[in-house]
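Student: Just the structure for this:
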Amino acid sequence: MLDVNKIRKDFPLLQRMINGKPIIYFDNACTTQKPQQVVDAIVKYYTEYTACAGRSVHKLAIKTTEEFEKAREKLAKFINAKRTEEIVWTKNTTEAMNLISHSFKFEKGDKVLTTNLEHSSGLVPWQLRAEMGDIILDFVLCNKEGEFNIKDFQEKIDKKTKLVSIIYASNVTGTKTPLNEIIKIAHDNDSLVLADAAQAAPHFPIDVKKLDVDFLAFSAHKMCGSTGMGCLYGKYELLKQLQPFILGGETIKDADLKYHVLEDIPQRFEGGIQNYAGAIGFGAAVDYLSKIGMKNIESYEKELTKDLIEGLLTIPNLELIGPKDWKKKGAIASFNIKGMEPHDVAIVLDESNICVRSGMHCAYPIHKFLHFEKGSVRASLYFYNTKEEIKIFIEKLTNIAKTLGR
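Tutor: As a prediction, the model looks like this:
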């Protein structure tokens, strides 16, 4: 059981008042708030041992290297990777997805299979490879509820499918894809699987060994860490087969004018000066989440989701995107109020210090497929949110719908 009131004290912004009112932060799918423990870890790097990792031999550099690699170990443990070297630092999920799309070796006729549920980061890189003639790109279309269509997937995948690129949890509908089943079917067809876990890793336990997923990407800033920091997990033997697409400092062991020798994994993928403070903060965020317990977070967020969805369904003129059954959704609810633009709803809510997102959420195809061409309003929760905040939100939104909607 979470002590939410105690947890909230760790987050400086949640203690702030604006115009005498507290902030209700419901934009967690975009980025989360940072606990003081993470802020302290980042500040400590900048004030006590700022240096570059893996280069110099003085005390500060050695300390930076130790903390930088210790953070990598924490991430590996967090997702139960087989070895630390399977964690590659990136600046976010987008870069991690692009690392695979640029580095993966394809042969003529190879197919990549993805969906219309994807974030742009899991769609556009593959469109580019298809435009270049490197791959054939095909899509699994979700059902009318915005849920992954396993039957369509089984029909679309074949022996030409080299890679399945799949979102683990939708940032629009809030639904999870059945990743275990997808991976089993993919492997039976000799296909590899890249999972976008940006909306998954912050909210429930992930065990890459049990999943048997080949590649997995997620970001620090969506799970209490800093912006500009993410990671790619990849099975070690598969990472060895990839060619880096950013080369330079720290990616090579030796070079002359006509040759170079690549560094070991994962350093060969981490070109140039890294975000040491971000990685160290990521490690601190993982420590923080692990102390609370990912199962505890998942359980509590289910309670919040129930209250949120059931509350939204009572509001007149409100259209909910995705399933109406809260059990099928994560802590995300995208919706529209008839007669109002999504941005207008968000602006009115902001006047009451309620922070939500409005727009396309970097997920154009799913909005268009479900006939929400102007996007949606999205309320997304995290473990530091409260049932009282949801009650206030529903009351405010009900008033907006009754007075401004139609």
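
Student: Do me a favour and get the backbone dihedrals for residue 324.
Tutor: Main-chain torsions, residue 324, degrees, to the nearest 10: phi -90, psi -20.

Student: need the contact list for it.
Tutor: Residues counted as contacts of residue 324 (CB atoms under 8 Å, 6 or more residues apart in numbering) are 309, 313. Every residue, glycine included, has its C-beta placed from N, CA and C.

Student: what's the answer for residue 378, then?
Tutor: When contacts are counted by CB under 8 Å, 6+ apart, residue 378 touches 27, 29, 171-172, 332-335, 356-358, 361.

Student: would it count as being in a strand?
Tutor: Yes. Assessed by DSSP: H, G, I helix; E, B strand; the rest coil, residue 378 belongs to a strand.

Student: What's the separation between it and residue 403?
Tutor: Applying CB to CB, to the nearest Å, the value for residue 378 to residue 403 is 22 Å.

Student: Then residue 249?
Tutor: The gap separating residue 249 from residue 403 is 58 Å, by CB to CB.

Student: These two: which has the busier surroundings?
Tutor: The neighbour count for residue 249 versus residue 403, taken as other CB atoms under 10 Å, is higher for residue 249 (13 against 8).

Student: Cross-check the contact I'm expecting between that one and residue 274.
Tutor: No. Taking CB atoms under 8 Å as the definition, residue 249 is not a contact partner of residue 274, at 9.8 Å.

Student: hmm, who's touching stretch 109-116?
Tutor: Stretch 109-116 is touched from outside by 122-123, 126, 129-130, 134-142, 148, 153, 156-158, 160-167, 177, 191, 365-366, 369, with contacts defined as CB under 8 Å, 6+ apart.

Student: Kindly format the C-alpha coordinates of that stretch as CSV.
Tutor: What follows is stretch 109-116, C-alpha atoms only, in CSV (Å, rounded to 0.1, in the frame of the first residue of the first chain):
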residue,chain,number,x,y,z
GLY,A,109,12.4,-8.0,-49.7
ASP,A,110,12.6,-7.8,-45.9
LYS,A,111,9.5,-6.6,-44.2
VAL,A,112,9.0,-4.5,-41.0
LEU,A,113,5.6,-4.9,-39.4
THR,A,114,4.2,-2.1,-37.1
THR,A,115,0.8,-0.7,-36.2
ASN,A,116,-1.4,2.4,-36.4
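
Student: what about the helices in this structure?
Tutor: For the chain, applying DSSP state H gives helices covering 4-8, 36-48, 59-78, 93-103, 124-131, 150-156, 179-188, 208-211, 236-239, 276-292, 294-312, 342-350, 364-369, 387-404.

Student: For the last one, enumerate the helices and strands it packs against.
Tutor: Right, helix 387-404. Other elements packing on helix 387-404 under the criterion 3 or more CB pairs under 8 Å, 6 or more residues apart in numbering; DSSP states H and E are strand 24-25, helix 294-312, strand 332-337, helix 342-350, strand 354-355.
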